[in-house]
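A.B. asks: Need a 3D model of the following:
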Amino acid sequence: MKQEIVSSDITVVGGGLAGVCAAVAAARLGQTVSLVQNRPVLGGNASSEVRVWVCGATSHGVHRNARETGIMGELFVENQYRNIDGNPYIWDLIVLEKVKAEKNITLFLNTDVHEVEADGDEHSRTIRSVTGWMMGSERRIRFDSRVYLDCTGDGLVGFLAGAKFRIGREAQEEFNEEWAPLVQDDITLGSTLLFYTKDAGRPVKYIAPSFAKDITQTSIPMKRVIRSGDNGCSYWWIEWGGELDTVHDNERIRDELSSVIYGIWNYIKNSGQFDSDNLTLEWIGSLPGKREYRRFVGDYVLNQNDVIAQELFADRVAFGGWSIDLHPPQGMYATVSGSKHMHMDGSYHIPFRSLYSVNVTNMLMAGRNISASHVAFGTTRVMATCAVIGEAAGTGAALCAAKGISPRELHDGHLGELQQTLLRQDAAVLGVKNTDAADLVRSAAAVSASSTLTQLALEQSASILSLDKHVALLLPVDPFIEGVELLLDASEATELTVELWSTGKPQNYVPASLVSSIQVAVPQGTQHWVKAPLAWHPETAQNAFIILKNNPAVSVHQSAQPQTGVHSFAYGSEKSADFGDMHHHQPVVDWRQYQFVRSPICFRLLSPTKAFTPDKAADGYKRPYGGPHAWSSTSLQVSEPQWLEVSWTEAVHIQSVHLTFNDDVNEDLINLHHHRTDFEIIPELVKSYKLQAFTSGEWTTVAEGTDNHTRHHVHVLTAPVTTDRIRVLIEATNGSERAEILEIRCYT
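C.D. replies: Modelled structure (predicted):
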């Protein structure tokens, strides 16, 4: 066999989305990275080998403004542009291309790491090398690095290195978790196989193999939803192995899952209960998608109470929003619902202390193996959350490698630098502002614009909705509001109760505290503008959640035009099939936006707003957080391009400019087939623009973008520019009638 030694600053083991984002993040920060994956494709459970939806903080549209940015955001937006129909093989290519674009990454596919050299005692160990076997190439490769990331999911590298870990469910008393069992056990979530079908256009017979399970002898037909047209992750509930060892019993689990898939298809094709004559099996997974195994112990163990309380960790470096989603140990054979969900009111925070080992000094972890209790793991395990954790861990690893320090030392002495580095790279650390001393825009004298949106209104009706349930309108309050006008119909003269609520935490979009309530007279007739004078002067800019209480005599008008910073909701407490069994009152599920996505109700704000002033592009935030945090122009005219300008009292030297455009993080994108989003490019994204500097008495174009479909751009100028004024001239968007910029930064 061929023996090799590969040296790099960082070795990332595991090529799922956590490992990919970790490797890309570290490479972009100048560190050399060996990315080692034991499969022929990247993406892990998201790849064409397993085909699980990439879910995250949006929780299938439950949470507002929650889609991930950073590297995971780049993948979502690029996949939407190139793969709107969710072809799993195109998704594979997009993930692979993201890795291949980084010159500092050396990729090792089909390489199974199963040897780790580490020294030290149980309290403090250091990894010296990891060794893998490249299948099909007969290459034995040792990877030497200063820092290692275990992104394997199952946690094999850390296990072999002697890292402290847990398997199974903690006892309730350990973290005082409501959903933990009274006594600790070894039960985990099980694994799943998926399958695809297609219409062959002619009758196709199906003869089940001898090992197919007769599912009529199980509880499956009575307790699980089976439909002939469903595909892939619609069958997430084909799960088993939670009472076994999901690693050592992997083959047994795969065989059981496979037998059930063939049995389900036999039931669909041959029971006579389904319209399935022309359907045939197109693809069946052969690699079980694992949900849970080892979870490493870090300096902090994230738990259920942290998630539900949305604990504001000082060392927060990532966020999540998927519900705490736990499944019965019996999986598909359970007689109870296949899942139960506990939702938090909005996105929650993940601390850096949960991303490095408590006792292996040079190991970080990302993905489903981070330091979390079993209950908290029920939300952190989904792949888009694993991905943003990967970017945070990879960024931390890069800083550790560059400084020659441990992750704990990075946390204790350089936490601010870690968070600011993440923000500069367009990762999201909720509630942490840009304080980068090197950003010249922070010392600018002024940020101005060609125009500013100050009057919020959606006046053109596209449809009518009866108020047979409560409806709500969310608006930015910056710095105050005097109330709203509502476009209403009424079958008879009546009164409408309108309430104004605060939303609590800045990342939440639910009614938290009642501010005021009034009753307004609604005359009989159609299209009456009715004033609701709900004045509010809060101490800080935030969002107002305005509720129109149900009144069957009244109808609201719905716009077909979206407006940044504005959302509408309908109240409905009925259980959704997507969420399984609910747990007590969960307002984020009660107040749903689905029918109002990009179509809020018609309104006029009775007072001007400062929510979109030019300085918002330099206020330190670049995603919604208690307000939209974006500059927005008035309507964009082709003959009159809009611009945003930064000026200084004296000339500065600019080498690079960072621009972040609005990609509407409220839009719930998905990589495969959960739902189809109609447009390839987010309409609010700027399409064409020029970056100009004022030199020698005139504006000179120093960089430009055309046919843009992405969010974050770093323009490194061919030669440094000395100027006291720089502007972004926006010539066109991808469909929005306004030019919008979330952030501009300048560096020497």
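A.B. asks: who's in contact with residue 274?
C.D. replies: 227, 228, 268 (C-beta atoms under 8 Å, 6 or more residues apart in numbering). To be clear about C-beta, it is placed using only N, CA and C from the backbone, and glycine gets the same treatment.
A.B. asks: okay, these in TSV with pLDDT and neighbour count next?
C.D. replies: Formatted as TSV, the contacts of residue 274 follow (pLDDT from 0 to 100; neighbours: other C-beta atoms under 10 Å):
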residue	pLDDT	neighbour count
227	90	11
228	88	15
268	96	20
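A.B. asks: Tabulate those (TSV), appending secondary structure and distance to residue 151.
C.D. replies: Formatted as TSV, these follow (DSSP: H, G, I helix; E, B strand; the rest coil; distance: C-beta to C-beta, whole Å):
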residue	secondary structure	distance to residue 151
227	coil	35
228	coil	38
268	helix	37
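A.B. asks: This structure: helices as residue ranges?
C.D. replies: Secondary structure of the chain (DSSP state H): helices at 17-28, 70-82, 88-100, 156-161, 172-175, 220-223, 250-270, 304-309, 374-380, 383-403, 407-424, 587-590.
A.B. asks: Just name the most buried of the ones you listed.
C.D. replies: Most buried of the helices of the chain by mean neighbour count (mean count of other C-beta atoms under 10 Å) is helix 17-28; its value is a mean of 31.
A.B. asks: same for that helix, what does it pack against?
C.D. replies: Helices and strands touching helix 17-28, by 3 or more C-beta pairs under 8 Å, 6 or more residues apart in numbering; DSSP states H and E, are strand 10-13, strand 33-36, helix 70-82, helix 88-100, strand 105-108, helix 383-403.
A.B. asks: Next, the angle helix 88-100 makes with it.
C.D. replies: 30 degrees (axes from the mean of the first three to the mean of the last three C-alpha atoms, to 10 degrees).
A.B. asks: ok so, going back, turn the helices of the chain into TSV, including distance to residue 507.
C.D. replies: Below are those laid out as TSV (distance: least, C-beta to C-beta, whole Å):
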stretch	distance to residue 507
helix 17-28	21
helix 70-82	16
helix 88-100	27
helix 156-161	31
helix 172-175	23
helix 220-223	36
helix 250-270	37
helix 304-309	13
helix 374-380	15
helix 383-403	14
helix 407-424	16
helix 587-590	11
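A.B. asks: right, and those - which one's nearest residue 746?
C.D. replies: Of all the helices of the chain, helix 407-424 sits nearest to residue 746, with 12.1 Å by C-beta to C-beta.
A.B. asks: tell me the mean pLDDT over the closest one?
C.D. replies: Rounded to a whole number, the mean pLDDT of helix 407-424 is 98.
A.B. asks: which residue packs closest to residue 123, ignoring adjacent ones?
C.D. replies: Distance criterion C-beta to C-beta, 6 or more residues apart in numbering; nearest residue to residue 123, sequence neighbours excluded, is residue 359 at 5.7 Å.
A.B. asks: Enumerate every residue touching that neighbour.
C.D. replies: 122, 123, 124, 125, 162, 163, 164, 297.
A.B. asks: and these, which of them are in strands?
C.D. replies: Applying DSSP state E to these, the entries found in strands are 124, 125.
A.B. asks: Mind picking the two most distant members of the contacts of residue 359?
C.D. replies: 124 and 297 (13.8 Å).
A.B. asks: returning to what we had before: which one of the contacts of residue 359 sits in the busiest neighbourhood?
C.D. replies: residue 163 (27 neighbours; other C-beta atoms under 10 Å).
A.B. asks: so it touches residue 362, yeah?
C.D. replies: No - judged on C-beta atoms under 8 Å, residue 163 makes no contact with residue 362 at a distance of 10.9 Å.
A.B. asks: contacting residues around residue 137?
C.D. replies: Counted by C-beta under 8 Å, 6+ apart, residue 137 has contacts 2, 110.
A.B. asks: Report the separation between it and residue 1.
C.D. replies: Per C-beta to C-beta, to the nearest Å, residue 137 is found 9 Å from residue 1.
A.B. asks: Can you tell me which of the contacts of residue 359 lies closest to residue 405?
C.D. replies: Set against residue 405, the nearest of the contacts of residue 359 by C-beta to C-beta is residue 124 (14.5 Å).
A.B. asks: Might one say that that closest one is in contact with residue 362?
C.D. replies: No - using C-beta under 8 Å, residue 124 is not in contact with residue 362; the gap is 10.6 Å.
A.B. asks: Chain neighbours aside, what residue packs nearest to residue 179?
C.D. replies: residue 375 (4.8 Å).
A.B. asks: State the distance from that neighbour to residue 109.
C.D. replies: On the measure of C-beta to C-beta, residue 375 and residue 109 end up 35 Å apart.
A.B. asks: Over to residue 605?
C.D. replies: From residue 605 to residue 109 the distance is 54 Å (C-beta to C-beta).
A.B. asks: more crowded one of those two?
C.D. replies: With neighbours defined as other C-beta under 10 Å, residue 605 and residue 109 compare such that residue 605 has more, 23 against 18.
A.B. asks: and the more buried one, what does it touch?
C.D. replies: Contacts of residue 605 were listed using C-beta under 8 Å, 6+ apart, and they are 455, 456, 457, 475, 481, 484.
A.B. asks: and what of residue 596?
C.D. replies: So residue 596 contacts 558, 567, 568, 569, 570 (C-beta under 8 Å, 6+ apart).
A.B. asks: Okay, now the unreliable bits of the stretch 601-748 of the chain?
C.D. replies: 637-639 (pLDDT under 70).
A.B. asks: Could you rerun that using 80?
C.D. replies: 636-639, 673 (pLDDT under 80).
A.B. asks: Make a markdown table from the contacts of residue 359 and add pLDDT to it.
C.D. replies: Output for these, formatted as a markdown table (pLDDT from 0 to 100):
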| residue | pLDDT |
| --- | --- |
| 122 | 94 |
| 123 | 96 |
| 124 | 98 |
| 125 | 98 |
| 162 | 98 |
| 163 | 98 |
| 164 | 98 |
| 297 | 98 |
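A.B. asks: Can I get the contacts of residue 359 in CSV including distance to residue 548?
C.D. replies: Formatted as CSV, the contacts of residue 359 follow (distance: C-beta to C-beta, whole Å):
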residue, distance to residue 548
122, 61
123, 60
124, 60
125, 60
162, 60
163, 54
164, 53
297, 49
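A.B. asks: that older thread, what's the least confident stretch among the helices of the chain?
C.D. replies: Among the helices of the chain, helix 587-590 has the lowest mean pLDDT, at a mean of 91.
A.B. asks: Show me how far it is from its chain's centre.
C.D. replies: Relative to the centre of its chain, helix 587-590 is centred 19 Å away, using C-alpha atoms, centre = their mean, to the nearest Å.
A.B. asks: and if you look at stretch 733-744?
C.D. replies: With C-alpha atoms, centre = their mean, you get 21 Å for stretch 733-744.
A.B. asks: likewise stretch 548-560?
C.D. replies: With C-alpha atoms, centre = their mean as the basis, the distance from the averaged C-alpha position of stretch 548-560 to the chain average is 32 Å.
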